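> model this:
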Amino acid sequence: MSRVWPLMILIVVTLASFFAYCASGHQKYRHQLPAQPFFPNYTESWVYDFHSGQAIGETLESDQWTTITLYYAPWDRYSQIMRVPFQKVAKEIRTLHRTVRFVAINCFAAHGKCKQTYRMFAYPFIMAYVGRSSSVYMGEPEADHLYRWVDSLLHPVQLLTTQKDIDKFVQESYYPIIGYFPLIKSPINIRLRRFIAVANSIHTGQPARYDYQFAVISNQNLARVNQLSTGWPLVAQTKFEGPDCYSGNFTRKNIEEWALQLPGRDKTIRRVEFNKLYELSNRDFSTLLRKGPTLILFAENKALGENLLLNLFKQMVHEYHNCAIGQSTNVIMHIKASQGNVTGRCGVMSPNKALACCDFDGQQIDWKKICPVISSCQTDECLQNLLEAAPPLPETCLITHASDYVTIWKACCARATSMELDSKLPDRLYLDRASNLAMIDAQTCTSRRLTKQERYKIRPETPDIGYDLTFLSGRGCRHEEEEKDEPLLQFAILDAKQNVFFAKKWGIKGSPAIVGVDLKAEMFGAEENVNGTSLLKFTQDFIAENVNDYFLGEEKRGSGFSHKIPLPEREEAKQSMPVLLERLTKHTFHIATESNIDSVVYFSGGSWHGPSATQMHLMHSVSRIFLPAAEGMIRFYTIDASRNELPYNYNFEAYPAILIFSPNKTELSWKYPAEAKLDIEDITAFILSYCSDELRVKMAFELLDRTYTPRVLRRLKRHIHWLSSRNRSLREFSLLRTGPQHELFVFHERALIQKNILRLRAARGLLSILRNRVDFSSQNQEMGKIAKLLRELLNS
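Predicted coordinates:
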């Protein structure tokens, strides 16, 4: 033990000295390589590339320039994807607008000013500086999306000069926002600058943000007609809820928040977006599907004036959530309001509040004298005379503008006139609407019962409802008030161009299309190439739960096994053979098996089924024997039986299975024996045994023609000589065999002798046929065996 301690002390001292030496030395590290240009050299006239990172966006701001800045990292995959679209858009825009410049900054360079100023966790980041305002691009990494975003920044607002321009702008926009800015004294005031900055910040390249359109009115007379003033400079016209006027502080943040809440106020449609650059999935979409039954419209994102189908879809949503149909007083106002001005009046009392001011507590009012004056009252002098002559309004009626008097008296005159014509008119309209709803509920119940009884047989015929939206009126409100068992229906829009992934997954090829999904009821229905009438029919069937199941076959899924080449018709056989083994589906199975040629079908257990997958090559080898020699006389197919799309008489106990169908006889087919071994020779013999006589003779001549007759004769003679010598040697060897395993060897050798004798007889018979040149048409019964043996002999 005394000898170990000095050794341990020596080891400790040595290690301490070594660590001290290492700590006192200088650590070596490798300097970062200098940054390289990210864009090619030929793009210098379009894109300014600060690859060293010595620039930031704020220093590039200018009142005379519109700067589009790309912050990138050279190693980032998404930055590399965005490089080509960015330089394409830069080239196109620079040729049209010389006041726009495109800048790319490497924000990952170690000593760059960009990395020292900003802390970025995701690349690329595109930002636009328009004067003192800015906008962030959040769209797709594609050139057309980026170009549209830049174009919206260059033309953020429109100037409306006539009433016709205003009506067209409101009609063709989802959420039009109109501002009144008098340009008499100063060319551009502060409020207009803020309005333009809001337009730039809202447009971020996302499809939903293009629904906001901004316009400016500078004509004072035109603003007075549309009830716009300097006190109420902004009005937003939602499609069904009427005008919404902005009355807060005129700051950029407040105006932007007010504009972004317009879709929630309008109660219209959920627009689902999927961004391939920043997010791989959308949780809002999955939450929407789990929430309840959902109607999804696949349509292109066009202007509202051009997209009539989407306009109808929005009207359906509004009618579904229309809660005013149950009030008799609101029925007439709903009809009268549709005949009003396009933009509505900003800061003026709504029609519903105006009707509440018409209770005069028994005062006798001469409506025949007042109403004609009110209908022709347009000037301020006429309004002053009306205020002097009209009786006082109730104290509960709050008046904020002088023009509210005209609104109230017009609403009261409309109600008085309708009550004078027919005192029961509101109640009659309500009762007619209620009776129509009751009739639709009865039809829905009947069709639902029929659908449950014959789910997969007959689809109940529904009457042509045209564009009548009565069946949707107030269903959402009735659900909330009466707590019905019917779930609340959700509505969503998917852009057909931007969501090709979902269209391909769901097998939707025709656009526009409507899709109904109900996860709780396990219902999925879809209809392609819809119009207005078919859209309403599908909606009514979806609410009644009698939509047919939408099967996703291989044609709809776009599988690689589905060929667009037409299958052979019943009258004519297909002459061209692009593939040896074609894939069938439930739609093409009967067409293929009922053709006028022999059809061999390989029933597979699916790609996951091991025996079916491993033995598929046998069918390819057999098809190469018959094709292209027997082209137009036999076809080879395969079908996946695991999809459960075939009739019950094709459900086999074991897979794979092989069937041969006779020409023009669907009921006549033969199945390959289950106990037989699957190999090329046996499958060929099976096909030749049950095929047509013409095909059998054709294959016999084809097999002989592949190797000319003298060569066949020589090979047969050599094979017969080898068989004879083999049999002779086996017999001699079996006689000399002695020992305990004598009987086992003798049994094995006798089996080989018997097999060789059979092959020898077949070879001699075939040799005699070739020598005597027998007519093969008279040997039809033996031709299958001969072809099988010939194929085996030629390969031996």
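> OK, contacts around the residue lying closest to residue 40 once chain neighbours are set aside?
With CB to CB, 6 or more residues apart in numbering as the criterion, residue 40 has its nearest non-adjacent residue at 7.8 Å, and that residue is residue 87. Quick note: C-beta positions are derived from backbone N, CA and C, even for glycine. Going by CB atoms under 8 Å, 6 or more residues apart in numbering, residue 87 touches 39, 40, 43, 46, 47.
> residue 87 in helix, strand or coil?
helix (DSSP: H, G, I helix; E, B strand; the rest coil).
> on the pLDDT front, check it for me.
We have a pLDDT of 91 for residue 87.
> any idea how far it lies from residue 65?
19 Å (CB to CB, to the nearest Å).
> could you do residue 693 as well?
Using CB to CB, residue 693 is found at 85 Å from residue 65.
> now residue 488
In terms of CB to CB, residue 488 sits 51 Å off from residue 65.
> also residue 95?
16 Å.
> of these two, who's got more company?
residue 65 (14 against 9; other CB atoms under 10 Å).
> my guess is that one contacts residue 102. True?
No. Checked against CB atoms under 8 Å, the pair residue 65 and residue 102 is beyond contact range at 10.8 Å.
> let me see the mean pLDDT of stretch 210-228.
Average pLDDT, stretch 210-228: 79.
> quick check: end-to-end length of stretch 653-668?
20 Å (CA to CA, to the nearest Å).
> actually stretch 208-223, sorry about that
Using CA to CA, the two ends of stretch 208-223 sit 29 Å apart.
> pull the residues that contact that stretch.
148, 152, 156-163, 166, 169, 173-184, 192, 195-196, 198-199, 202-203, 226, 228-229, 259, 262-263, 271, 273, 301.
> ok, stretch 194-203 next?
128, 130-135, 149, 152-153, 156-157, 179, 181, 209-210, 212, 214, 216, 234, 250-252, 255-256, 259-260.
> quick one, which of those residues are buried?
Among the contacts of stretch 194-203, those scoring as buried are 128, 130-131, 133-135, 149, 152-153, 156-157, 179, 181, 209-210, 212, 214, 216, 234, 252, 255-256, 259 (criterion: 16 or more other CB atoms under 10 Å).
> those strands in the stretch 101-250 of the chain, which residues are they?
125-130, 133-137, 157-160, 175-180, 212-217, 234-238, 242-245 (DSSP state E, counting those that start in this stretch).
> my guess is residue 639 contacts residue 656. True?
No. Counting by CB under 8 Å, residue 639 does not reach residue 656; the two are 10.5 Å apart.
> give me the helix or strand of the protein that scores worst on average pLDDT.
The weakest-scoring helix or strand in the chain, judged by mean pLDDT, DSSP states H and E, is helix 328-337 (a mean of 32).
> who's in contact with the residue nearest to residue 149 when sequence neighbours are not counted?
Nearest in space to residue 149, with sequence neighbours left out and distances taken as CB to CB, 6+ apart, is residue 205 at 4.1 Å. Remark: with contacts taken as CB under 8 Å, 6+ apart, residue 205 is in contact with 137, 138, 139, 140, 145, 146, 148, 149.
> okay, now the domains of this protein?
33-152, 156-266, 268-323+425-546, 328-421, 557-691, 703-795 (automatic domain parsing).
> turn the contacts of residue 205 into JSON lines, columns for pLDDT and distance to residue 514.
Below are the contacts of residue 205 laid out as JSON lines (pLDDT from 0 to 100; distance: CB to CB, whole Å):
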{"residue": "137", "pLDDT": "91", "distance to residue 514": "32"}
{"residue": "138", "pLDDT": "86", "distance to residue 514": "28"}
{"residue": "139", "pLDDT": "82", "distance to residue 514": "26"}
{"residue": "140", "pLDDT": "82", "distance to residue 514": "24"}
{"residue": "145", "pLDDT": "83", "distance to residue 514": "26"}
{"residue": "146", "pLDDT": "89", "distance to residue 514": "31"}
{"residue": "148", "pLDDT": "86", "distance to residue 514": "27"}
{"residue": "149", "pLDDT": "89", "distance to residue 514": "30"}
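> how about these in JSON lines, adding distance to residue 53?
Below are the contacts of residue 205 laid out as JSON lines (distance: CB to CB, whole Å):
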{"residue": "137", "distance to residue 53": "20"}
{"residue": "138", "distance to residue 53": "23"}
{"residue": "139", "distance to residue 53": "25"}
{"residue": "140", "distance to residue 53": "26"}
{"residue": "145", "distance to residue 53": "27"}
{"residue": "146", "distance to residue 53": "23"}
{"residue": "148", "distance to residue 53": "29"}
{"residue": "149", "distance to residue 53": "25"}
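> now these: which count as buried?
So, by 16+ other CB under 10 Å, the buried ones in these are 137, 138, 139, 140, 145, 146, 148, 149.
> coming back round to it: and the contacts of residue 87, which two are furthest apart?
40 and 46 (10.3 Å; CB to CB).
> of these two, who's got more company?
residue 46 (19 against 11).
> buried residues in stretch 121-130?
123, 124, 125, 126, 128, 129, 130.
> adding pLDDT and distance to residue 723 as columns, could you present these in JSON lines?
Listed next are the buried residues of stretch 121-130 as JSON lines, based on pLDDT from 0 to 100; distance: CB to CB, whole Å:
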{"residue": "123", "pLDDT": "88", "distance to residue 723": "77"}
{"residue": "124", "pLDDT": "90", "distance to residue 723": "77"}
{"residue": "125", "pLDDT": "90", "distance to residue 723": "82"}
{"residue": "126", "pLDDT": "91", "distance to residue 723": "81"}
{"residue": "128", "pLDDT": "91", "distance to residue 723": "88"}
{"residue": "129", "pLDDT": "89", "distance to residue 723": "92"}
{"residue": "130", "pLDDT": "86", "distance to residue 723": "94"}
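> turn those into a markdown table, including distance to residue 628.
Putting those into a markdown table (distance: CB to CB, whole Å) gives the following:
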| residue | distance to residue 628 |
| --- | --- |
| 123 | 55 |
| 124 | 54 |
| 125 | 59 |
| 126 | 56 |
| 128 | 62 |
| 129 | 67 |
| 130 | 67 |
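> with the residues you listed in mind, which one is nearest to residue 367?
residue 130 (56.0 Å).
> how about the nearest residue to residue 145, chain neighbours excluded?
residue 139 (4.3 Å).
> look up how far residue 203 lies from that neighbour.
10 Å.
> what touches both of those two?
What both residue 139 and residue 203 touch, as defined by CB under 8 Å, 6+ apart, is the set residue 149.
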